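1. the following comprises the amino acid sequence and a computationally predicted model.
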Amino acid sequence: MLRHLRVTNFAILSDVSVELGEGMNVLTGETGAGKSLIVEAVNLLRGGRASADIPRAGADEAVVEAVFEVPADLKPRVRGVLDGAGLPLHFDDDSADDVVVRRVIQRGGRSRTYVNGALTTAARLAELGALLVDLSGQHQHQGLVNADRHREIVDLFAGAPLAPMEEAWEALRAIDAQIEELGGDERARAERADYLRFQLDELDGASLAAGEDERLEAERARLAAVDQLEAGARASDELLYSGDDSAVDRIAAALREIERLARIDATLEPCGRQLAEARTLVEDAASQLRHYADRLEGDPARLAWVQDRLALIARLCRKHGVALGEILVRVGDLRVELDGLDRRDERLAELTAARRAAEARAHAAARTLSEIRTKAALRLEREVGAALAELGMAAARLQVVVEPRPLGPAGADRVELMLASNKGEDTKPLARVASGGELSRIMLALKLVLRRADEVATYVFDEVDTGVGGATASAVGAQIRAVADHRQVLCVTHLPQIAAFASHHFHVEKSEVAGRTETQVHRLAAAARKDELARMLGGHATAKARAHAAELLAEAARARTRLHA
């Protein structure tokens, strides 16, 4: 639930802090005092769009921050969203701890979003916000006239398992995509197959091997420099062994001198051993050089073949635009593609059979959903009808129509809410028969029956009492309070009959401070609350109005008792 809200430099909200409680929290005050601005701030905390003109005049940015206490039953889903977004967790499974959200809105509309101190995106916040806050604004009940949303309402009420249907639909779409890839005219496929065969014949004929170009390049360099290699090897042999005053001769002379000295000083013996090893190594090296030079001989034919082979490899690499190693990979890819074209008819038959099976699974999942929706529709009609009766619409009848439509990711049903406002009338689409006040009450009735299925921590009702008054207003207040028995509610209202049901009553007022308009929010104690209800009743807190306010509070208390009886 929303525990703490602070708003700074947000239009006329210079610095407003509100500590909300459990149950039903009500905001009241004169029109224009800033109540809806508070709701707008809450909407930003659930990922809503930030307006460019939000920051207060003279301020570079506005800040909205809040602490949400996550109920135990919502913690697994909240944890999943935070984990998926890579955001830090501030709670465990044993207690209901906090999620801290902060939005910083710069002049011009750019904003920064933080969750638990970590920077994130508004889109990620919207995913989290859908679990934390449900906002029903002054005009959002108009969304009820959009029939595309009605199926979502029924599915939510029914707890309909949509995942099997979505998975079956995706599997069907994947097979359709594979079938489409096999499409095209036969002539184009034949031309492509001929082209692939030509490419493969050329590459197979070349008999390329991995690393062959590097090996051949080394051999070409050796064959092209036979004379140079032989001369260098024989010259090295002469320097080391065969020539006059060779390295071996010099080492041998040094060894004889060291051996003579070692007879005088034995510490020189290791040097003698090293020189003896060096003479042996030099003699071995010289011997290898002589054998190498003796074996070298020119091979013009082999050199020509190696150069031709390297030219072929270079031409194929240029043609395909890749290195030799990648050409060998491409051979495999070309072979797979050609095999697919050659096996097209066989593959098409396999995919067609797979599609029939996938379509059957999708239709089975759709039938399951249809059965669930049809049963849920009847229950929803009864429960909403009972709630509407409590809200002063006893004669109204809500009908949930479930009828076939083409198969899709959500099944094969079209769902629409229909209403007959009066007895004896036929039901018609909400858009054609429901007034603003009726839509407000229908939405409230839906919220009431969905409150156990709708997994959200806090409900926000922003003046959903449009077109409501008198005894109906008291009924609306009682029903909002019933919602608040299960989830926290923040309600903005102008009706004292609704405000009387509040667990926590806040008064929003604006005043002029140092030539600037400021908004303050005060939590009302019992006496002040009675004065505020009196003001809402008659504009002034007269003795008569206070008495009437006391009656409203007493009646609300009795209604709450009846609700819990």
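-> It's in.
2. state the distance from Ala482 to Gly469.
-> 20 Å (C-beta to C-beta, to the nearest Å). C-beta coordinates here come from the backbone N, C-alpha and C atoms, glycine included.
3. the more surrounded of these two?
-> Taking other C-beta atoms under 10 Å, Ala482 and Gly469 do not tie; Ala482 has more neighbours (22 against 13).
4. checking Glu65 next. Helix, strand or coil?
-> strand (DSSP: H, G, I helix; E, B strand; the rest coil).
5. isn't Gly117 up against Pro88?
-> Yes. The criterion here is C-beta atoms under 8 Å, and Gly117 meets it with Pro88 at 6.9 Å.
6. following the chain past the host helix or strand of Ala218, name the next helix or strand.
-> Element membership of Ala218, judged by DSSP states H and E, is helix 212-224. Toward the C-terminal end, the helix or strand that comes next after helix 212-224 (DSSP H and E) is helix 226-237.
7. which strands or helices does the following helix or strand past that next one pack on?
-> Going down the chain from helix 226-237, the next helix or strand is helix 247-262, by DSSP H and E. Applying 3 or more C-beta pairs under 8 Å, 6 or more residues apart in numbering; DSSP states H and E, we find helix 247-262 packed against helix 269-295.
8. Asp15 belongs to a helix, doesn't it?
-> No. According to three-state DSSP, Asp15 belongs to no helix; its state is strand.
9. that one: what's it in contact with?
-> When contacts are counted by C-beta atoms under 8 Å, 6 or more residues apart in numbering, Asp15 touches 6-9.
10. closest one to Asp426 out of these, please.
-> Val7 (48.1 Å; C-beta to C-beta).
11. name the element the closest one belongs to?
-> With DSSP H and E as the criterion, the answer for Val7 is strand 2-10.
12. can you list the contacts of Asp15 in CSV and add neighbour count, distance to Ala285 and pLDDT?
-> Shown next, in CSV, are those (neighbours: other C-beta atoms under 10 Å; distance: C-beta to C-beta, whole Å; pLDDT from 0 to 100):
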residue, neighbour count, distance to Ala285, pLDDT
Arg6, 18, 85, 95
Val7, 28, 87, 93
Thr8, 18, 84, 93
Asn9, 20, 85, 92
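13. now the two most distant members of these.
-> Most distant of those, by C-beta to C-beta, are Arg6 and Asn9, 11.2 Å apart.
14. any common contacting residues for the two?
-> With C-beta under 8 Å, 6+ apart as the test, Arg6 and Asn9 both reach 15, 63.
15. ok so, going back, closest one to Ser136 out of the contacts of Asp15, please.
-> Val7 (20.3 Å).
16. who does the closest one form a beta bridge with?
-> Counting by DSSP bridges, Val7 is bridged to Val16, Val64.
17. surely it touches Glu40?
-> No. Counting by C-beta under 8 Å, Glu40 is not a contact partner of Val7; they are 9.4 Å apart.
18. which ones are touching the nearest residue to Gln520 once chain neighbours are set aside?
-> Nearest-residue entry for Gln520: Glu509, 6.0 Å, with adjacent residues in sequence omitted and distances by C-beta to C-beta, 6 or more residues apart in numbering. Counting by C-beta under 8 Å, 6+ apart, Glu509 makes contact with 29-30, 33, 519-520, 522.
19. try it again with 6 Å
-> Glu509 makes contacts with 29, 33, 520, as judged by C-beta atoms under 6 Å, 6 or more residues apart in numbering.
20. now swap in His507 and tell me
-> 28-29, 522, 524, 532.
21. write the PyMOL selection for whichever of the residues you listed are buried.
-> Filtering the contacts of His507 down to the buried ones (16 or more other C-beta atoms under 10 Å) takes a single PyMOL command:
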select buried, resi 28+29+524+532
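22. inside strands: which ones of the contacts of His507?
-> Counted as lying in strands by DSSP state E, out of the contacts of His507, are 28, 522.
23. now the contacts of His507 as JSON lines including pLDDT and distance to Gly109?
-> Formatted as JSON lines, the contacts of His507 follow (pLDDT from 0 to 100; distance: C-beta to C-beta, whole Å):
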{"residue": "Thr28", "pLDDT": "92", "distance to Gly109": "31"}
{"residue": "Gly29", "pLDDT": "89", "distance to Gly109": "28"}
{"residue": "His522", "pLDDT": "92", "distance to Gly109": "31"}
{"residue": "Leu524", "pLDDT": "93", "distance to Gly109": "35"}
{"residue": "Glu532", "pLDDT": "91", "distance to Gly109": "36"}
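24. Leu289 and Gly232: what is the separation?
-> 9 Å.
25. so for the two, which residue has more residues nearby?
-> Using other C-beta under 10 Å, the more surrounded residue of Leu289 and Gly232 is Leu289, with 21 against 14.
26. next up, the contacts around the more buried one.
-> 233, 236-237.
27. which is the succeeding secondary structure element to the one helix or strand Ala357 maps to?
-> Using DSSP H and E, Ala357 sits within helix 344-390. Per DSSP H and E, the first helix or strand lying C-terminal to helix 344-390 is strand 397-408.
28. contacts for that next one?
-> Residues contacting strand 397-408 (C-beta under 6 Å, 6+ apart): 366, 373-374, 377, 380-381, 384, 412-420, 427.
29. which among those end up buried?
-> So, of the contacts of strand 397-408, 366, 373, 377, 380-381, 384, 412-420, 427 end up buried under the neighbour-count rule (16+ other C-beta under 10 Å).
30. pick out the most distant pair among these.
-> Ala366 and Ala420 (29.2 Å).
31. now the strand or helix carrying His150: buried residues?
-> His150 is part of helix 150-158, with elements assigned from DSSP H and E. By neighbour count on 16+ other C-beta under 10 Å, the buried set for helix 150-158 is 150-151, 153-158.
32. now, among those residues, which is nearest to Pro76?
-> Closest to Pro76, out of all of these and judged by C-beta to C-beta, is Leu156, at 18.1 Å.
33. top of the contacts of Leu289 by number of neighbours, please.
-> Asp237 (21 neighbours).
34. distance of that one relative to Ala285?
-> In terms of C-beta to C-beta, Asp237 sits 9 Å off from Ala285.
35. ok, the nearest residue to Met165 once chain neighbours are set aside to Ile442 distance?
-> Among residues not flanking Met165 along the chain, Ala365 sits closest, at 4.3 Å (C-beta to C-beta, 6+ apart). Between Ala365 and Ile442 the distance is 30 Å, computed by C-beta to C-beta.
36. related to what we said a few turns ago, could the buried residues of helix 150-158 go into a markdown table alongside pLDDT?
-> Supplementary listing: the buried residues of helix 150-158 in a markdown table, determined by pLDDT from 0 to 100:
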| residue | pLDDT |
| --- | --- |
| His150 | 88 |
| Arg151 | 91 |
| Ile153 | 86 |
| Val154 | 91 |
| Asp155 | 90 |
| Leu156 | 85 |
| Phe157 | 87 |
| Ala158 | 89 |
